[in-house]
Structure formats: structure tokens, C-alpha cells
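Engineer: Take this sequence and fold it.
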Amino acid sequence: MLALVGLYATLIVVAEPHPLHGSWQLVEIKTNDATLKSLDPARFRLAFTKDKMNIYIDGKKEVATSMLLKLDDAPKTKLIDLTPTDGPNKDNPSEGLYEIKGDELRICLGVSPKERPTSFEVKEETPWVLIVLKREKE
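Structural biologist: Model (predicted):
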């Protein structure tokens with residue numbers, strides 16, 4: 001009986017979506033990278049599923065690109081790893097931090113692999129990208 005209760009509790013935990021689950025509109029991009037700086041955030045929507053982040057551009061229904069998603073919801077610092085599934089950076093994970101406050105999600109990623117940011121501040125000497133997103137209403 002105790003084993004069944006433990007199995008049931010495990011199934012409930014696995015079935016619950018992670019806090020990023022759903023659709024988010026890109027609001028702001030902060031970076032020192034000239035190419036990324038020139039992007040219009042309003043063109044991008046991100047959708048998080050159980051193990052992926054899909055990027056949509058200009059309101060199109062087809063996925064522009066997809067990344068494998070790995071989260072670590074530690075109480076203090078929440079970690080995120082995004083690994084492109086195609087393109088020139090395929091299989092090279094970007095490591096980062098994330099935080100959610102209400103309907104706002106901030107993700108700060110290292111530009112080069114294995115370079116996890118230590119804060120959400122993008123300064124001239126930090127090779128990081130900070131993206132700010134707003135949760136879309138369902």
C-alpha cells in the first residue's frame with residue numbers, strides 16, 4: 001500500500017508542468033552582441049513545453065527553431081540550459097539563470113558554451129544575453 005502511495009505522489013510531481021510552461025512574448029533583449037541588439041523583440045514568441053523551447057517569428061504557426069530545455073529549480077538560483085537542435089550551434093548548450101516574477105520571465109544566458117552568468121546584469125564586459133518575456137494569456 002505504501003509503495004502505491006509513493007508511486008501516486010511521483011506521478012503527480014511528474015505530471016505537473018514546470019513554471020516556464022506555456023507561451024511568452026519577448027519584450028526586451030539586452031546584450032553587447034550587435035546582431036542580437038538589432039532584433040525587434042515584438043517579432044518573437046517563445047513556447048516552453050516539458051523539455052523544449054520553441055521559437056516562433058512574426059506570428060507564424062510553424063516553429064522557426066527549437067532548443068532542448070533543462071531546468072534546475074533550486075531555491076536560490078534557478079538554472080536553465082538551452083541546447084539548439086539545428087543550425088551552426090547544434091548540440092552546444094547555452095547555460096543560464098532564470099527568474100519569474102508574476103507574468104514576467106527573465107533569462108540570462110552565456111553567449112559561449114560553458115559560461116553561465118552569475119547575475120542578471122549585462123555590462124560591457126559581460127558576454128551575456130538577457131531576455132525579458134511576458135506570459136501570454138491562454
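Engineer: show me where this protein has strands.
Structural biologist: Counting by DSSP state E, one finds strands in the chain at the ranges 22-31, 44-48, 52-57, 65-72, 78-84, 94-101, 104-110, 128-135.
Engineer: surely Thr49 meets His21?
Structural biologist: Yes - counting by Cβ atoms under 8 Å, a contact exists between Thr49 and His21, whose distance comes to 7.0 Å. No exception for glycine: its C-beta is placed from N, CA and C like everyone else's.
Engineer: So for those two, which sits in the more crowded spot?
Structural biologist: Comparing Thr49 with His21 by neighbour count (other Cβ atoms under 10 Å), the higher total belongs to Thr49, at 14 against 11.
Engineer: got a pLDDT number for the more buried one?
Structural biologist: Per-residue confidence (pLDDT) for Thr49: 94.
Engineer: give the contact list for it.
Structural biologist: With contact taken as Cβ atoms under 8 Å, 6 or more residues apart in numbering, Thr49 is in contact with His21, Leu69.
Engineer: go on, Ile131?
Structural biologist: With contact set as Cβ under 8 Å, 6+ apart, Ile131 has these partners: Leu26, Glu28, Ile29, Lys30, Pro41, Arg106, Ile107, Cys108, Leu109.
Engineer: May I see those arranged in TSV, with distance to Arg135 as well?
Structural biologist: Compiled in TSV, the contacts of Ile131 are given as follows (distance: Cβ to Cβ, whole Å):
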residue	distance to Arg135
Leu26	12
Glu28	14
Ile29	17
Lys30	19
Pro41	15
Arg106	12
Ile107	13
Cys108	18
Leu109	19
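Engineer: So in this protein, where's the weakest helix or strand by average pLDDT?
Structural biologist: Least confident helix or strand, the chain: helix 2-15 with a mean of 43, by mean pLDDT, DSSP states H and E.
Engineer: Any regions of this protein where pLDDT drops low?
Structural biologist: Across the chain, residues meeting the criterion (pLDDT under 70) sit at 1-16, 113.
Engineer: Recalculate using a threshold of 50.
Structural biologist: Residues of the chain that meet the criterion pLDDT under 50 lie in 1-14.
Engineer: Excluding covalently adjacent residues, which one is nearest to Leu124?
Structural biologist: I think there's a mix-up here, since residue 124 is Glu and not Leu. Taking Cβ to Cβ, 6 or more residues apart in numbering, and ignoring the residues beside it in sequence, Glu124 has Asn32 as its nearest neighbour in space, at 6.3 Å.
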